[in-house]
Every structure is written in structure tokens, then in C-alpha cells.
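coordinates only, sequence not included:
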């Protein structure tokens, strides 16, 4: 089974790093979608089946918190698992995002192993096919 | 004021996120230090301020190339260098603020923007007494400077 993944971050560098990490982790990816902000992400999620979204908090146009609020109000998007990957991790904001359905938080800079761990928790086991990610970090 | 916090986080992030060598002393970078990638962002929360970084071209290209698995001499590495340094600045800010203010307060961190040498000098020279912290590290032998200005200084930040 291949998973459709959405990466939401206004930084091209970060989107590429996360995409590389997913590839290195051996996650079977069906479609890999990118969005530069929360609004674009909502549009992608409404047009495509998404198994997991990895999203930043601070983004122009619509930030990660507002994206989660919108998803929470939408019956079709409410159950899309979201992992927040961000430099920002104030307990107050994280608590709000947990209440809105955030499934996990990964603080930048992150170890690829951490991304693999949270994806495994959410998506379940998959056939290993990628490179070893345990020794690098981003 | 916060130079130790800035220095420690910058060193760790350049090493862990960009796989660059960070040393205590300048290396063979002088010829490439003329041009630099300079990025700035603003933050606001219980206190507000700005963070800026000046990374010589060589250090910035190496960071971008490593972060994106590109050839350091490729055109793409040069094109992506501002984004890479901006993201590193974002990570420095996101990791430094909780150490200064604790993990409870919420901060809004703005998007990194590219600024000129003159703008960078204005931050360094124009900040009122007690508001500016400066850290210098050597990335790939190149002097990289990080500035943090906290409006109201340590009093506003609570420590």
C-alpha cells in the first residue's frame, strides 16, 4: 500500500528536506503533494485523498493553527492526520493544536528517525524500502 | 545579553540541520566573504524584536547544498542559499526564544526576508543600549554573525 503525503511549509528547502526524509525512511509514497501555506493545503486536501499531512505553523496567508481550525470544521478533512513540523513549540500553542486534532509534533531541527517514528505511529507498518536514516539529522 | 544562547543554538543548527563544520576560529574563507546572504525576521509575543544573520556566500552555499543534497557549485545551491539561511535563522529563533522566555509563552515568528548590508549595519549600530545581542561563529571557516534585538532589552524579556 502506498500513502499520499502532503507537505505544507513556505520554505522550499524545508519541503525538500522533509520529502528526502520520507524517501530515506522507506515510506511507500503514492502521491507526494506540496503546499506553501494552510490555504493551499486545504485546497489540495479537498481535491485529493491525503493519508498524512506534515505542516509548519508559521506560514503566510494561512498558518498551521488556522489550517487545523478549518480542517476541524470540515467533516471531510477532520480526520486527515496532521503532524506539525515547526521551530515553534510553545506549550500553549501545542495544546490548542492537540485539541484541534494535531497527531504529533516534531521540532526543527529534526532527526529523520523522529519523522519515521511518528509516521509509523500514524500510518502503521510498511514494507521497508528506503535508506538508513538513523545517522543523519535535519 | 543573549550571545551565548544565540551562539549555542546557531552552532547546533548549522551542524545538525545543514551538516556544516562550525569552528571557533576563522578558516580559509576570506576571498568568499565579500558577498554574503543576509536574512532578517521579526518576532512578537510577551516581548518583541528581530533576529538577523549574515552568512558569507561560501557558508550559505554549503548549507543549502547539504540541506538539499545538491552539488555545492551548482546553480541551484546558489539560488536556494537565501531560503536555507532563512530557514536556519527561523530555527535559531524558534529554539532561542523558549530558552529566554520559557516554553509557555506564545510567539509569532515572521517570515525571513533578505536584507542589505546597510540594513544589517543599521540593526547592529542603531539598536538602543542594552537591546542588542551578537554572536559570531565560523561556518566552514567563514565568520557568520547573528544579531538579536529585543525591544526594551533584558528587562522586557524578563531576564
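Great, that's in hand. In this text the structure is predicted, and so the values were computed from the model without any measurement.

what residue ranges in the chain score low on pLDDT?
The chain I'm using is chain A. Within chain A, the segments meeting pLDDT under 70 span A:127-138.

wait, chain B was what I had in mind.
B:24-28, B:30-34, B:154-159.

strands of chain A, start to end?
A:3-8, A:29-35, A:52-55, A:82-86, A:102-107 (DSSP state E).

which one of those lies nearest to residue B:124?
Among the strands of chain A, strand A:82-86 comes nearest to residue B:124, with 28.5 Å by Cβ to Cβ. (Glycine included, C-beta is placed from N, CA and C.)

span of stretch B:117-134 from start to end?
16 Å (Cα to Cα, to the nearest Å).

centre of the chain to that stretch, how far?
Centroid separation for stretch B:117-134 versus its chain: 14 Å, with Cα atoms, centre = their mean, to the nearest Å.

secondary structure element holding residue B:135?
If you go by DSSP states H and E, residue B:135 is part of strand B:132-139.

which helices and strands sit right next to that strand?
helix B:3-16, strand B:22-23, helix B:57-68, helix B:117-126, strand B:142-150 (3 or more Cβ pairs under 8 Å, 6 or more residues apart in numbering or on different chains; DSSP states H and E).

dump these to CSV, plus mean neighbour count and distance to residue A:96.
Output for these, formatted as CSV (neighbours: other Cβ atoms under 10 Å in any protein chain shown; distance: least, Cβ to Cβ, whole Å):
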stretch, mean neighbour count, distance to residue A:96
helix B:3-16, 20, 25
strand B:22-23, 16, 35
helix B:57-68, 25, 30
helix B:117-126, 13, 32
strand B:142-150, 23, 25
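
looking at those, which is nearest to residue B:109?
By Cβ to Cβ (comparing all of those), the closest turns out to be strand B:142-150, at 12.5 Å.

same for that closest one, what does it pack against?
Partner elements for strand B:142-150 (3+ Cβ pairs under 8 Å, 6+ apart): helix B:3-16, strand B:49-56, helix B:57-68, helix B:75-101, helix B:117-126, strand B:132-139.

since that was my last question, I'll sign off now.
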